[in-house]
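Novice: okay, structure incoming, though there's no sequence with it:
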Ligand code: KIV
């Protein structure tokens with residue numbers, strides 16, 4: 001599959017909807033690419049999904065880079081690396097240096113940052129250094145505690161206006177796309193109409209220019225919590241449990257490995273050791 005370019009992604013504002021999914025390893029990245037998924041996001045959701053953290057806050061640059069490199073090895077599609085908490089908020093220099101690590105060390109095509117006007121200096125500097133930035137507004141998991149927890153954002157006039165201002169500020173700062181998480185679909189429609197770059201919705205209704213989901217949620221592998229906007233296209237966790245229970249039972253019963261799964265051959269083992277003293 002030919003990797004999308006930034007102009008091609010922006011052009012999709014008035015074309016086919018963009019499909020975005022998360023991957024944290026090479027095998028999943030390969031699967032997503034084989035199905036023509038447009039953008040692969042190495043999300044810091046890996047903190048919850050893979051690493052067992054309670055939130056995305058503890059995720060480090062080294063953890064993100066480890067997984068971003070694995071994804072890069074598995075695909076030639078467009079890969080976005082999610083900048084973890086405090087890798088871009090402390091100083092603009094830090095933001096550029098850490099964004100650069102996603103490009104130089106992991107071969108990412110873009111980075112994603114959470115926040116609006118307050119992070120636009122960092123966005124401008126990263127873009128100014130030649131790197132593509134995807135914004136993320138609405139429910140921003142890294143700072144969810146300040147937003148009153150995992151809840152729909154932009155229901156009141158002040159917060160809805162702030163979200164529109166954030167989207168416009170990100171566009172002006174040079175972002176090429178904006179993820180909008182957990183906002184009313186009418187607000188997502190209005191913001192989508194008022195910015196010239198694609199909006200990628202997650203819990204933001206159907207009017208966005210594209211959609212993103214955490215692949216483990218869509219597949220029904222991650223069972224700890226399921227946001228109400230997630231559609232489960234498969235329920236793999238019970239199937240995984242069934243398969244592993246069968247393996248466990250067959251190993252205990254001595255029925256695995258059977259002949260078909262063993263290297264059973266005509267071999268005089270005694271002769272192999274006949275010269276042993
Ligand atoms: O970390 C992540 O996977 C994300 C998506 C849910 C947008 O930020």
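Specialist: Looks like it came in fine. Everything numeric here is computed off the predicted structure, so don't read it as measured data.
Novice: most proximal residue of the chain with respect to the ligand?
Specialist: Minimum separation of the chain from the ligand (C-beta to the nearest ligand atom) falls at residue 43, amounting to 2.1 Å. To be clear about C-beta, it is placed using only N, CA and C from the backbone, and glycine gets the same treatment.
Novice: pLDDT at that residue, what is it?
Specialist: If you check residue 43, the pLDDT there is 98.
Novice: spit out the contact partners of the closest residue in space to it that isn't next to it in sequence.
Specialist: Of all residues not flanking residue 43 in the chain, residue 22 sits nearest, at 4.3 Å (C-beta to C-beta, 6 or more residues apart in numbering). For residue 22, the contacting residues are 40-43, 45-46, 49, 212-216, by C-beta atoms under 8 Å, 6 or more residues apart in numbering.
Novice: follow-up on the earlier one: measure the residue of the chain closest to the ligand to residue 71 for me?
Specialist: Distance, residue 43 to residue 71, by C-beta to C-beta, to the nearest Å: 10 Å.
Novice: cool, residue 258 as well?
Specialist: The gap separating residue 258 from residue 71 is 36 Å, by C-beta to C-beta.
Novice: which of these two has more residues huddled nearby?
Specialist: Taking neighbours as other C-beta atoms under 10 Å, residue 258 and residue 71 compare with residue 71 leading, 29 against 10.
Novice: re the thing from before, for beta bridges, what are the partners of the residue nearest to residue 43?
Specialist: Here residue 22 sits in beta bridges with residue 41, as judged by DSSP bridges.
Novice: now the strands for the chain?
Specialist: Ranges of strands in the chain, per DSSP state E, are 18-22, 39-42, 78-82, 110-112, 133-138, 177-181, 199-202, 210-213.
Novice: how about the residues of the stretch 101-250 of the chain by the ligand?
Specialist: By C-beta under 6 Å from any ligand atom, the residues of the stretch 101-250 of the chain that approach the ligand are 136, 179, 202, 212, 214.
Novice: before we move on, the earlier item: list residues touching both of residue 43 and residue 71?
Specialist: Shared contacts of residue 43 and residue 71, defined by C-beta under 8 Å, 6+ apart, are found at residue 24.
Novice: for residue 147, report the pLDDT, please.
Specialist: 85.
Novice: residue 277 now?
Specialist: 64.
Novice: now swap in residue 225 and tell me
Specialist: Note for residue 225: predicted pLDDT of 87.
Novice: with residue 15 instead?
Specialist: As predicted, residue 15 sits at a pLDDT of 92.
Novice: again, but for the one 4 residues further on
Specialist: In this model, residue 19 is scored at 98, pLDDT.
Novice: and if you look at residue 211?
Specialist: Here, the pLDDT recorded for residue 211 equals 98.
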